[in-house]
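> pasted the sequence and its predicted model underneath.
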Amino acid sequence: VQLQACGGGLVQAGGSLRLSCAASRSTSWTDIMGWHRQTPGKQRELVASITKGTITNYADSVKGRFTISRDNAKNMVYLQMNNLKPEDTAVYYCNLNTIESRGYRINVWGQGTQVTVSS
């Protein structure tokens with residue numbers, strides 16, 4: 001499976017961006033899709049995740065500002081980011097946590113998309 005992400009860019013603080021990610025195959029009920037982000041010198045961190053049954057999980061730093069959603073028919077996951085802050089500046093990665101053919105859970109990553117929030 002491959003993931004293709006898009007939607008990053010430069011925005012002023014308080015602004016909004018929407019990230020999109022397309023999976024190259026249909027997702028199963030055990031697949032969890034999500035977004036992570038990474039800044040130079042720091043570990044990649046979870047921003048938000050969503051199951052096929054639309055159970056969501058958010059990092060505390062984005063709760064109330066970001067919304068993750070999923071279109072199972074289109075194999076898409078979205079991240080609506082509102083009230084962006086300079087500290088949200090990072091490379092954002094789409095992620096698919098799935099069970100591969102031998103029964104192990106693996107992570108599949110899309111290419112990163114840069115989000116820059118100016119103050």
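Sure thing, it's come through. Numbers count the residues shown, from 1 in each chain.

> can you map out the strands along the protein?
Secondary structure of the chain (DSSP state E): strands at 3-6, 9-12, 17-23, 32-38, 45-51, 56-58, 66-71, 76-81, 90-99, 105-109, 113-118.

> sheet-wise, list the partners of the third one with their directions.
For strand 17-23, the paired strands and their directions (DSSP bridges) read strand 3-6 (antiparallel), strand 76-81 (antiparallel).

> wait, what's in contact with the residue sitting nearest the centre point of the chain?
Geometric centre of the chain, nearest residue: Trp35, 1.9 Å, by CA atoms, centre = their mean. Applying CB atoms under 8 Å, 6 or more residues apart in numbering, one finds that Trp35 lies in contact with 19, 21, 46-49, 68, 77, 79, 92-95. The way it works is simple: take the backbone N, C-alpha and C, and place the C-beta from them, glycine included.

> save the strands of the chain as JSON lines, and put in mean pLDDT too.
Formatted as JSON lines, these follow (pLDDT from 0 to 100):
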{"stretch": "strand 3-6", "mean pLDDT": "93"}
{"stretch": "strand 9-12", "mean pLDDT": "97"}
{"stretch": "strand 17-23", "mean pLDDT": "97"}
{"stretch": "strand 32-38", "mean pLDDT": "97"}
{"stretch": "strand 45-51", "mean pLDDT": "96"}
{"stretch": "strand 56-58", "mean pLDDT": "97"}
{"stretch": "strand 66-71", "mean pLDDT": "96"}
{"stretch": "strand 76-81", "mean pLDDT": "97"}
{"stretch": "strand 90-99", "mean pLDDT": "96"}
{"stretch": "strand 105-109", "mean pLDDT": "94"}
{"stretch": "strand 113-118", "mean pLDDT": "97"}
